[in-house]
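[1] Mind looking at a prediction? Sequence and model below.
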Amino acid sequence: MATKISFLNLKGGVGKTSLLVNVASCLAYMGKRVLVVDFDAQSNSSIWLMRLDRWNALNRNPENFILNVFKENGSSLRNCIQKDVVRDSDGEIALKGLDLAPASFNLMDLEHEVPDPWEKPFYAHFYEELKEVESGYDFIFFDCPPSFSHAAQCAVFGSDHIIVPANPDALSIVGFHLLIDKLESFKRQSLRWRSEIQSPDPQVMGISINAVKPGANIDIPLERFNAQVERFASQNKVPETACIFPEQIHHSVTVGRAVLQGLPMVLMSKREASMKVAEDYIRTTQRILSLSAHQPDERPAEAESSLLN
Ligand SMILES: Nc1ncnc2c1ncn2[C@@H]1O[C@H](COP(=O)(O)OP(=O)(O)OP(=O)(O)O)[C@@H](O)[C@H]1O
Ligand SMILES: [Mg+2]
């Protein structure tokens, strides 16, 4: 069974997609089988992993995208998966084991335009599709929009864990509170379907602090996040094990450069990636592996040294 994780924060631009793409790639590099499901109509993880030219080409047939899974007479999730999606400029596989269920801008239609033909919510329908493919993966990651839309609900309903990427600032702390409230109400609202089709009860695994500027003192935001996590744990809204990951992701222009090159950090040239941020993603991946009870294998050390030398 795959470990299924949503990368979710109702606040936009905090690093959800960057964290997801880079952790998914580190895991694939370590030999894990990973599926990324892009549930954000902005399609950022799809464009990053496929590069714009291949994603544009895919747009000639809208049936290739995740929205089609929700349409009457649409396709199955299995059929919309792009295998070994990270390629070099000759189209050769650059990273084995990383598959993608891509999004396009048409995913916005899921919010208002697509009729619901199954007499069940979109999230329950999606979970049944997910069950058909999950045995092929060690990890399934959902890239979420900065909202609690139908698409985000599909991701959360299918997840064992939620990782909350956040920036070390006051607004992110407010956003975390709002997120926990929304999660609670969605869990109540979806309870009937959860028990009927035995989907997981998604739990917050932790907060990953992103884009920490050199020399910035983030003690106060960290203290406030910690206080909130402790309070939510005492109210049973997050598990006792929920934490702020000690491995923070540093601010680095390389992250934006990796998007332009259509590469995850783990595949950037050593010179480009020999910065702290590549190491941050590898360490965060190891944290996620240990918290989701998958044991790190031999390749992380290799990956780490090849990036850091
Ligand atoms: N560690 C980092 N250092 C510098 N820039 C970063 C870092 N992480 C992300 N960014 C940049 O911040 C911007 C937002 O990142 P990203 O798209 O990952 O956020 P998001 O939470 O997925 O956004 P959205 O809510 O729109 O989906 C991007 O331009 C990205 O390149
Ligand atoms: Mg994003």
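    It's in. Numbering: from 1, shown residues only. Ligands and ions are numbered 1, 2, ... in the order given.
[2] For Leu171, which residues are in contact?
    Lys11 (C-beta atoms under 8 Å, 6 or more residues apart in numbering). In short, each C-beta sits where N, CA and C put it, glycine included.
[3] let's number from 56 now, not from 1
    Sure, I'll start numbering at 56, so the last one becomes Leu226.
[4] helix or strand for it, which one?
    helix 225-244 (DSSP states H and E).
[5] Would you mark the buried spots in the very next helix or strand once past that helix?
    As assigned by DSSP H and E, the chain's next helix or strand after helix 225-244 is helix 246-252. Applying a neighbour-count criterion of 16 or more other C-beta atoms under 10 Å, the buried positions in helix 246-252 are Trp248, Arg249.
[6] Quick one: list the elements packing against helix 246-252.
    helix 177-188 (3 or more C-beta pairs under 8 Å, 6 or more residues apart in numbering; DSSP states H and E).
[7] Buried residues, the helix it packs on. List them.
    Neighbour counts over helix 177-188 (16+ other C-beta under 10 Å) mark Phe177, Tyr178, Ala179, His180, Phe181, Tyr182, Glu184, Leu185, Val188 as buried.
[8] Give me the residues contacting that helix.
    The contact list for helix 177-188 (C-beta under 8 Å, 6+ apart) reads 59, 90, 124-125, 131-133, 136, 165, 171, 173, 195, 205, 208-209, 211-213, 245, 248, 251-252, 254.
[9] Helix or strand for the residue of the stretch 56-205 of the chain at minimum distance from ligand 2, just tell me which one.
    Using C-beta to the ion, the closest approach of the stretch 56-205 of the chain to ligand 2 is made by Thr72 at 3.3 Å. Secondary structure assigned from DSSP H and E places Thr72 in helix 71-84.
[10] Provide a list of residues in contact with Ser254.
    Ala179, Tyr182, Phe212, Gly213, Trp248.
[11] can you name the two of these that are farthest apart?
    Gly213 and Trp248 (11.5 Å; C-beta to C-beta).
[12] Only C-alpha atoms, please: export stretch 270-289 in CSV.
    Taking Å, rounded to 0.1, in the frame of the first residue of the first chain, the C-alpha atoms of stretch 270-289 are listed here in CSV:
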residue,chain,number,x,y,z
GLY,A,270,20.7,35.4,8.8
ALA,A,271,16.9,35.7,9.5
ASN,A,272,15.9,35.2,13.1
ILE,A,273,12.8,33.0,13.0
ASP,A,274,12.7,32.1,16.6
ILE,A,275,9.4,33.9,17.3
PRO,A,276,7.4,32.4,14.4
LEU,A,277,8.8,29.0,15.3
GLU,A,278,7.7,29.4,18.9
ARG,A,279,4.2,30.4,17.8
PHE,A,280,3.9,27.5,15.4
ASN,A,281,5.1,25.2,18.2
ALA,A,282,2.6,26.6,20.6
GLN,A,283,-0.2,26.1,18.1
VAL,A,284,0.8,22.5,17.3
GLU,A,285,0.9,21.7,21.0
ARG,A,286,-2.5,23.3,21.5
PHE,A,287,-4.0,21.4,18.6
ALA,A,288,-2.4,18.1,19.8
SER,A,289,-4.0,18.7,23.3
